[in-house]
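Undergrad: Build me a model from this:
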Amino acid sequence: MQFPTDAPVALRDRLDVGLLVTYLRSSSRTRPVVLLTVADGANQPFVSAPDLAREFGRDIDVVTLPSKDLTFALSDAVGKEASAFLGACRVYPPGDRWQSNPRSLSLHLGRDEAERRAMQSRIADDVRRALSAATPTATPAPRVAPAGPGTVPKPGPPSPPADGVRIVDDPASAAALAAHLTTPARKRPVVVITRASGAAAAYVDAEELRADLAGLADVAEITGAEASWAFSQAVPDQCQVYGGASRVYPIGDDWTADPYLSPLRFAYGPSDKVKVTRQLISDALSMAARGGLTLGSGTEAPCVVTGEVQGVIGDRALVTIPGVQMGGTLWPELVLPDLAAERLFCKGMRVVGTFDPESRRIDVTGMRRSAVDALSGYRDGDTVLARVVGVDGGGCDVELFPGEVRRVGAEDIAEDGATVADLVAAGDVVALWFGEPEAGQWLLSMLDAADPAEAVPAPSVLDGGPPWLVTVDKAEPAGDDEAPEGAEESTGLTPEQQREKALIIKRLRRAENEIEELTLQLQESRKRLRAAQKRLKRRQGAVTAVDRLFEGDADQLDFEIGAAWARMIPPAQKHELRLRPHRFGDHFLATMAEVEGIARDKVVEVIVHVLTGLDAELDSRGRYQLRTGEGGDNPARTRNGGEVCWRVSLQANTPGARRLHYWTCHDWTIELSSIRVHDDYRP
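TA: Predicted structure coming up:
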């Protein structure tokens with residue numbers, strides 16, 4: 001959707017409403033805007049948009065809001081006094097002064113037949129008055145200057161892109177398309193759309209794809225059954241597309257070995273047109289960004305601009321740019337694929353980037369923060385949010401910031417017999433206890449984390465942006481009570497076949513909704529299980545007396561260490577992971593008795609890790625040589641001609657996190673020395 005318009009237009013979604021609002025509020029707008037709405041139960045406005053276009057031509061813009069939800073969206077943006085609804089119409093004069101006095105905009109209602117008959121002429125009169133009135137607020141757009149800081153392009157309708165939609169209508173052109181797709185040196189993603197059997201056109205908007213992806217991706221449409229079969233035979237298995245479905249093939253040919261790199265998008269009828277078109281645009285832009293493609297494919301040179309985010313609507317952010325009539329848009333795919341717009345942009349955010357005058361997109365990748373900068377605000381003992389990117393039996397990989405992946409071991413995720421897969425899955429947003437880096441490694445624990453609501457805000461990807469991660473509440477799945485729109489359109493099928501097709505489509509949509517609902521339920525179950533484990537750990541948090549079977553403290557602890565080793569080490573590994581000889585240092589039993597906030601069995605578990613050598617293999621233990629002070633240049637603490645003191649983490653979610661200190665002695669004995677807080681460097 002572009003403004004000014006060359007012909008009357010009907011808005012399609014909330015993104016279009018947002019573009020209209022930006023246009024209405026532009027001080028440099030020189031054309032009146034006629035807003036038409038549709039009454040309940042009516043198919044058309046009471047005013048004829050074509051008649052207005054014939055009378056006033058390109059001197060005005062005529063916009064129809066065809067549905068009630070879009071009138072609500074406009075009302076939310078401009079206020080009820082400046083909006084229109086239920087068949088009412090009004091004219092917005094050039095410029096933006098109408099905002100200071102919305103009541104000055106005549107609202108023409110259609111409450112009875114007399115009002116409806118008079119509405120056409122009254123709207124025409126308002127247009128004439130708006131055209132004849134002086135518009136001191138309107139300012140001419142600046143001339144296009146060479147790309148550079150502060151330059152602004154001249155607004156205007158985009159020029160048609162050099163590339164059109166490639167029509168594939170016979171086996172030869174289908175084979176040529178397949179050969180092009182499988183070429184490793186291919187420079188751009190390719191969107192391939194198809195038509196359902198008997199349909200006169202695709203259920204996606206090919207022209208919108210072409211316009212929005214100009215210079216960043218190519219678009220091809222397979223139009224015939226013979227071409228569809230030929231294409232399916234020419235590409236690898238599971239990489240085909242036919243029957244009204246569409247997919248984007250990424251740059252290169254890796255997709256031939258992994259079809260999931262090219263997700264299949266289904267459109268069941270005309271009602272899916274907007275949704276699937278937007279999905280394909282998002283897929284293509286993400287792939288283009290990964291391939292290093294940038295804006296600026298049109299005839300007007302890109303330039304650097306500064307603007308302010310007006311708001312996020314749908315999957316786009318709208319930006320006002322001084323001197324540019326329609327402003328620009330921010331596309332999350334150009335910044336970080338697979339991250340929603342509201343996790344990158346927020347209202348009032350100041351942006352600086354490269355503006356493409358023809359697509360009106362702004363590339364703000366230069367505003368991306370480094371991981372080091374983004375995570376520098378985390379402190380020892382914080383509870384932070386992370387996104388799970390992979391899970392296996394030994395633990396999970398989490399993203400603390402896009403591209404910054406760290407490992408969390410199973411022992412810091414699951415207790416009491418639960419497996420890692422019971423608690424987390426790829427895509428989950430989880431809370432983690434964050435320990436200060438030691439020996440270059442962050443200490444992370446899911447068990448020691450506080451409630452997610454207490455987590456410190458995640459950093460922003462862009463300077464001044466919103467947190468890139470938030471905890472996600474359960475969403476209501478889309479309903480499927482209504483039959484798909486257009487499911488019984490004339491496609492050459494018999495009435496019985498049309499009904500069968502409609503039934504199949506409805507069942508498919510119901511299955512999709514059920515899958516989404518089950519996925520949400522599973523996520524909720526994992527969250528509850530993680531919370532239950534944390535509650536159990538908190539109850540065990542204080543050091544409690546265990547059943548004493550020995551009179552002496554050393555004998556009792558030796559027994560507990562042996563029992564824990566027997567439980568923790570699998571039978572097949574007991575010969576390999578024997579307990580090393582050990583003794584207790586002068587301060588160990590006393591410092592262990594004084595420790596707070598850590599379960600005794602957790603301390604015993606870490607002792608087993610030390611005595612079997614597992615502490616050197618587990619990142620979560622954070623093992624490194626104890627220094628003589630907190631400075632990085634302080635020497636390691638040694639004694640007796642080379643015996644070294646080591647420090648491992650007990651990972652407590654308390655200020656001054658606890659550490660276990662021990663000596664490796666010349667006779668291969670481990671001397672458990674003490675338990676200290678993080679900043680205590682005594683052995």
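
Undergrad: so where does the residue nearest to Asp338 when sequence neighbours are not counted fall, helix or strand?
TA: Using Cβ to Cβ, 6 or more residues apart in numbering and skipping residues adjacent in sequence, the residue nearest Asp338 is Ser286, 6.6 Å away. Quick note: C-beta positions are derived from backbone N, CA and C, even for glycine. Using DSSP states H and E, Ser286 falls within helix 273-290.

Undergrad: what does that helix contact?
TA: Applying Cβ atoms under 8 Å, 6 or more residues apart in numbering, the external contacts of helix 273-290 come out as 12-13, 188-189, 191, 193, 203-205, 208-209, 212-213, 216-217, 246-248, 250-251, 263, 265-267, 314-315, 331, 333-335, 337-338.

Undergrad: elements contacting the host helix or strand of Ala317?
TA: Per DSSP H and E: Ala317 is located in strand 316-320. The helices and strands touching strand 316-320, judged by 3 or more Cβ pairs under 8 Å, 6 or more residues apart in numbering; DSSP states H and E, are helix 14-24, strand 303-313, strand 328-330.

Undergrad: That one: partners in the sheet, and parallel or antiparallel?
TA: Sheet pairing for strand 316-320, assigned by DSSP bridges, gives strand 303-313 (antiparallel), strand 328-330 (antiparallel).

Undergrad: What are the buried residues along that strand?
TA: 316-319 (16 or more other Cβ atoms under 10 Å).

Undergrad: got it, and stretch 354-366?
TA: Within stretch 354-366, the residues scored as buried using 16+ other Cβ under 10 Å are 354-364.

Undergrad: Between the residues you listed, which sits nearest Val391?
TA: Using Cβ to Cβ, Val364 is the member of the buried residues of stretch 354-366 that lies nearest Val391, at 32.8 Å.

Undergrad: Go ahead and confirm the closest one touches Leu462.
TA: Yes - if you go by Cβ atoms under 8 Å, Val364 and Leu462 touch, sitting 6.3 Å apart.

Undergrad: and for the two, which residues touch both?
TA: Going by Cβ under 8 Å, 6+ apart, residues that sit against Val364 and also against Leu462 are 335, 351.

Undergrad: sorry, back to before: quickly check the buried residues of stretch 354-366 for the two that are furthest apart.
TA: For these, and using Cβ to Cβ, no pair is farther apart than Glu358 and Val364, which are 17.7 Å apart.

Undergrad: By mean pLDDT, which helix or strand of the protein comes out lowest?
TA: Ranked by mean pLDDT, DSSP states H and E, the weakest helix or strand in the chain is helix 495-539, scoring a mean of 66.

Undergrad: Quick check: end-to-end length of stretch 314-326?
TA: 18 Å (Cα to Cα, to the nearest Å).

Undergrad: Distance of the residue nearest to Asp338 relative to Tyr203?
TA: Distance of Ser286 to Tyr203, given as Cβ to Cβ, to the nearest Å: 22 Å.

Undergrad: ok, what's across the strand from the residue nearest to Ala206 when sequence neighbours are not counted?
TA: Using Cβ to Cβ, 6+ apart and skipping the chain neighbours, the partner closest in space to Ala206 is Val165 (4.8 Å). Val165 has the following beta-bridge partners by DSSP bridges: Val219.

Undergrad: residue contacts, Val165?
TA: With Cβ under 8 Å, 6+ apart, Val165 has these contacts: 206-207, 209-210, 219-221.

Undergrad: what separates the residue nearest to Asp338 from Val33, distance-wise?
TA: Counting by Cβ to Cβ, the gap from Ser286 to Val33 is 34 Å.

Undergrad: what comes up buried for the helix holding Ser286?
TA: 273-274, 276-289.

Undergrad: One more: stretch 381-395?
TA: 381-388, 391, 395.

Undergrad: Walk me through the domains of this protein.
TA: 9-132, 165-290, 303-367, 371-454, 553-677 (automatic domain parsing).

Undergrad: wait, which of these is closest to Gln521?
TA: Nearest of the domains of the chain (Cβ to Cβ): domain 371-454, 12.6 Å.

Undergrad: got a list of contacts for stretch 567-578?
TA: By Cβ under 8 Å, 6+ apart, stretch 567-578 touches 605, 608, 612-614.

Undergrad: which phi and psi does Gly348 have?
TA: Taking degrees, to the nearest 10, you get phi 90, psi -10 for the backbone angles of Gly348.

Undergrad: from memory it sits against Gly307, does it?
TA: No - between Gly348 and Gly307 there is no contact under Cβ under 8 Å: 11.3 Å.

Undergrad: can you pull up the bridge partners for Ser246?
TA: Bridge pairing for Ser246 - DSSP bridges - gives Ile193, Arg265.

Undergrad: quick one, what contacts it?
TA: 191-194, 202, 204, 264-265, 267, 276, 280.
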